[in-house]
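Engineer: Got a predicted model here, sequence first, then my questions.
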Amino acid sequence: MNKTLPGKYYTDPEIFRSEMERFYFGRWIYAGRAERIAKPGGYFLFEIGFNQAAAVERLLDPKIWKLMDIHKDLQGIARTVALQRL
């Protein structure tokens, strides 16, 4: 018989923050160079990790990208970024 974790591991905000710090904070997950994907005038949308919106904004090159929006999920956490290639 398979057992699952107690429900708090799926819903507790402190456990979520702890897991995010343990697995994602301090690491970069490289997916490729975005300018190879979007052509000028095109859009590039991607998901970001917990608490990464400010870092993404700092790293954008304003000569290449226009920040269209940072979308939040139902909990109000920044989740996706929409850019337009200049």
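Structural biologist: Alright, I've got the coordinates. Numbering: from 1, shown residues only.

Engineer: What strands flank whatever helix or strand residue 44 lives in, and is each parallel or antiparallel?
Structural biologist: Following DSSP states H and E, one finds residue 44 within strand 43-47. According to DSSP bridges, strand 43-47 forms sheet pairs with strand 78-85 (antiparallel).

Engineer: who's in contact with the strand it pairs with?
Structural biologist: 34-35, 38-48, 52-53, 56, 60, 64-73 (CB atoms under 8 Å, 6 or more residues apart in numbering). C-beta here means a position set from N, CA and C on the backbone, and glycine is covered the same way.

Engineer: what residue ranges in the protein are flagged as low confidence?
Structural biologist: 1, 24-32, 34-35 (pLDDT under 70).

Engineer: Just the buried residues of the strand holding residue 44, please?
Structural biologist: When burial is assessed from 16 or more other CB atoms under 10 Å, strand 43-47 yields no buried residues.

Engineer: Tell me which helix or strand comes right after it.
Structural biologist: Moving toward the C-terminus from strand 43-47, the next helix or strand (DSSP H and E) is helix 53-59.

Engineer: what's in contact with that next one?
Structural biologist: 48, 67, 70, 78, 81.

Engineer: hmm, 10 Å instead?
Structural biologist: Helix 53-59 is touched from outside by 28, 46, 48-49, 52, 65, 67, 70, 72, 77-81, 83, with contacts defined as CB atoms under 10 Å, 6 or more residues apart in numbering.

Engineer: In PyMOL, how would I select the buried members of those residues?
Structural biologist: A single PyMOL command selects the buried members of the contacts of helix 53-59 (16+ other CB under 10 Å):
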select buried, resi 48+49+52+65+70+78+79+81+83
